[in-house]
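*Asks:* sequence first, then the predicted structure, then my questions.
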Amino acid sequence: MWTNWAKTASCSARIVHPASTDEIVTAVLSGSRVRARGSGHSFNDIAVASEVALDLDRWTGIVRADTETGLVTVRSGTPLWAFNADLHRLGLAMPNLGDIDAQTVAGAVSTSTHGTGGKLGVLATAIHSLELVLADGSVVQCSRDERPDLFNAARVGLGALGVISTLTLQCVPSFVLQASESPGRLDAVLEQFDDLCAVEDHVEFHWFTHSDRVILKRNNRITTQARPLSKLRQTWEYEVMENAAFGAVTKVAKTFPRYTQRLNELCGSLISERSYSDYSHNVFVTPRRVRFVETEFSIPRETLMDVIGELRAVARKLDARDHLIVPCEVRVAQADDIWLSTANGRDTAYISMHQALGMQYKAFFDAYARIAASVGGRPHWGKLHDLTAADLRPLYPHFDDFLKVRDEVDPGRTFTNAYLDRVLGT
């Protein structure tokens, strides 16, 4: 029995481990419904396979890399953590990353995974070209110049169009980030957030939702040598405080939910300033040992203040049993032209709401969904939400264009599952 990372979805499909493009083709032509499930680092049932699950753990690694142009072709099953390490050895890096690197490269781009940066796009904006195995077994290439409609759809394709076999990504020379993390108060951070987004390369904040405490994170590219935290400090900050100690806090909150608000305040008050520099992938990514469930909506950047204000009002009204122990995360991205990207056509703010496994979350998540809907919020494709194709069509100008491409390349719905039936229609 397979279960996703968040333990919110499971299945018992037949598992195939292809180690070549030909073996992917064979699986696709088996006559079964097929899903490539990535690493399963999802919060909904997007990766669930009803019949055959493609586990691409044997289809990994860089195929070729041009260190002059920065174009790197990688197999789709490569985990981001391995890809980042391989790129670094070549003197290259992804232009931006999220804070988790457990996903496969294909899984991350296919769900519109993102980092933060007012002048930077979601991870899929780095895609130069794709190779896919389609439902008829054909292996096709697409880019802005070759099959552009398929390219526009497949960059964030939800696994609905075919199995991505390789991706060619536009990478950049490896770079060092100066990381600055500090405690703050929500009103003060909100007041300066637009200015910070304009001048900082990467900025985000984590808000302890039942207090006004925040952690402000700013990461900026520098040309000087990396000066990372010592191994002892890294162990203390990340393993002891952010994982072991916070894990203990969540256990207290699970047992005594009436104390969650006080624990929010306590955790926020214990945050200390942290400043260091390191190569980009070591700064972007944070170890996550405490498991949680998550919902996230992308909203127009200009609505962020109003949405936060409404979330504060909800937080004050909720019963203590519905309080969130895990802070929410606020990030930004630049508008792009990818058809199902959550940042399509608009500069975007992202608000991610989290709750520790085993604690109540539905009341707050549902209230957030209603607030997000009022400003045209788009759900993260890999996180918890209840929206259907009828809800999503008005949110994406190219939704029907995507469906047209899907009808052309997978008329028999080889790659569908219950999640895709809900969000794309049957």
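*Replies:* Perfect, thanks for sending it.
*Asks:* only C-alpha atoms for contact and neighbour calcs from this point on.
*Replies:* Noted.
*Asks:* now Pro300: how far from Leu169?
*Replies:* 27 Å (CA to CA, to the nearest Å).
*Asks:* now swap in Asp306 and tell me
*Replies:* Asp306 is 36 Å from Leu169, by CA to CA.
*Asks:* who's more crowded, the two?
*Replies:* A direct count of neighbours by other CA atoms under 10 Å for Asp306 and Leu169 places Leu169 higher, at 21 against 12.
*Asks:* contact partners for the residue nearest to the more buried one when sequence neighbours are not counted?
*Replies:* Sequence neighbours aside, Ile127 is the residue nearest to Leu169 in space, at 4.5 Å (criterion: CA to CA, 6 or more residues apart in numbering). By CA atoms under 8 Å, 6 or more residues apart in numbering, the contact list for Ile127 reads 155, 167-170.
*Asks:* now, which of those residues sits nearest Ala47?
*Replies:* Within the contacts of Ile127, proximity to Ala47 (CA to CA) peaks at Arg155, which comes in at 16.9 Å.
*Asks:* okay, that closest one: pLDDT?
*Replies:* If you check Arg155, the pLDDT there is 98.
*Asks:* ditto for Val122
*Replies:* We have a pLDDT of 98 for Val122.
*Asks:* equivalent analysis for Ile164, please.
*Replies:* 98.
*Asks:* and the helix or strand it falls within, how far out from the chain's middle?
*Replies:* Taking DSSP states H and E as the criterion, Ile164 maps to strand 163-170. Centroid displacement of strand 163-170 relative to its chain, using CA atoms, centre = their mean, to the nearest Å, is 18 Å.
*Asks:* relative to Gly382, how far out is Cys421?
*Replies:* Heads up, residue 421 is Asp, not Cys. 15 Å.
*Asks:* higher neighbour count, those two?
*Replies:* Counting neighbours by other CA under 10 Å for Asp421 and for Gly382 shows that Gly382 has the greater number, 24 against 13.
*Asks:* the more buried one is in contact with Ile46, isn't it?
*Replies:* Yes. Applying CA atoms under 8 Å as the test, Gly382 and Ile46 come out as touching, 6.4 Å apart.
*Asks:* find residues that contact each of these two.
*Replies:* Common neighbours of Gly382 and Ile46 (CA under 8 Å, 6+ apart) do not exist.
*Asks:* still on that earlier bit, what lies in contact with the helix or strand following the strand holding Ile164?
*Replies:* Once the chain leaves strand 163-170, the next helix or strand it forms, by DSSP H and E, is strand 172-173. Identification of contacts with strand 172-173 by CA under 8 Å, 6+ apart yields 70, 91-95.
*Asks:* which one of these sits closest to Asp55?
*Replies:* Among the contacts of strand 172-173, and counting by CA to CA, the member closest to Asp55 is Met94, at 24.0 Å.
*Asks:* who are the neighbours in contact with the nearest residue to His323 once chain neighbours are set aside?
*Replies:* Closest residue to His323 apart from its sequence neighbours, by CA to CA, 6+ apart: Thr260 at 6.3 Å. Contact analysis of Thr260 by CA under 8 Å, 6+ apart lists 253, 320, 323-325.
*Asks:* what about the residues you listed, which are in helices?
*Replies:* Ala253 (DSSP state H).
*Asks:* go through the contacts of Thr260 and flag which are in strands.
*Replies:* Among the contacts of Thr260, no member falls in strands (DSSP state E).
*Asks:* export the contacts of Thr260 to a markdown table and tack on pLDDT, neighbour count and distance to Asp55?
*Replies:* A markdown table is the format used below for the contacts of Thr260 (pLDDT from 0 to 100; neighbours: other CA atoms under 10 Å; distance: CA to CA, whole Å):
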| residue | pLDDT | neighbour count | distance to Asp55 |
| --- | --- | --- | --- |
| Ala253 | 92 | 23 | 36 |
| Ala320 | 91 | 17 | 41 |
| His323 | 96 | 26 | 37 |
| Leu324 | 97 | 27 | 34 |
| Ile325 | 96 | 29 | 33 |
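*Asks:* can I get the contacts of Thr260 in CSV including distance to Ala333?
*Replies:* Formatted as CSV, the contacts of Thr260 follow (distance: CA to CA, whole Å):
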residue, distance to Ala333
Ala253, 33
Ala320, 33
His323, 28
Leu324, 25
Ile325, 26
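*Asks:* just checking, what packs against the host helix or strand of His206?
*Replies:* In this assignment (DSSP H and E), His206 forms part of strand 202-207. Applying 3 or more CA pairs under 8 Å, 6 or more residues apart in numbering; DSSP states H and E, we find strand 202-207 packed against helix 186-199, strand 213-222, strand 328-333.
*Asks:* closest one to Ala6 among the ones you listed?
*Replies:* When these are compared (using CA to CA), the closest one is strand 328-333, at 16.6 Å.
*Asks:* going on from that closest one, what's the next piece of helix or strand?
*Replies:* Following strand 328-333 in sequence, per DSSP H and E, is strand 348-356.
*Asks:* tell me the average confidence for whichever strand or helix holds Leu232?
*Replies:* If you go by DSSP H and E, Leu232 is part of helix 231-234. Mean pLDDT, helix 231-234: 86.
*Asks:* ok, back up a step: any idea how far whichever strand or helix holds the residue nearest to His323 is from the chain center?
*Replies:* Element membership of Thr260, judged by DSSP H and E, is helix 260-269. When distances are taken as CA atoms, centre = their mean, helix 260-269 is centred 26 Å away from the chain's centroid.
*Asks:* in it, what counts as buried?
*Replies:* Residues 260-261, 263-265, 267-268 are the ones in helix 260-269 that count as buried (16 or more other CA atoms under 10 Å).
*Asks:* equivalent analysis for stretch 57-65, please.
*Replies:* 57, 59-62, 65.
*Asks:* likewise stretch 129-149?
*Replies:* Buried, per 16+ other CA under 10 Å, within stretch 129-149: 129-135, 137, 139-143, 149.
*Asks:* brilliant, that's me finished.
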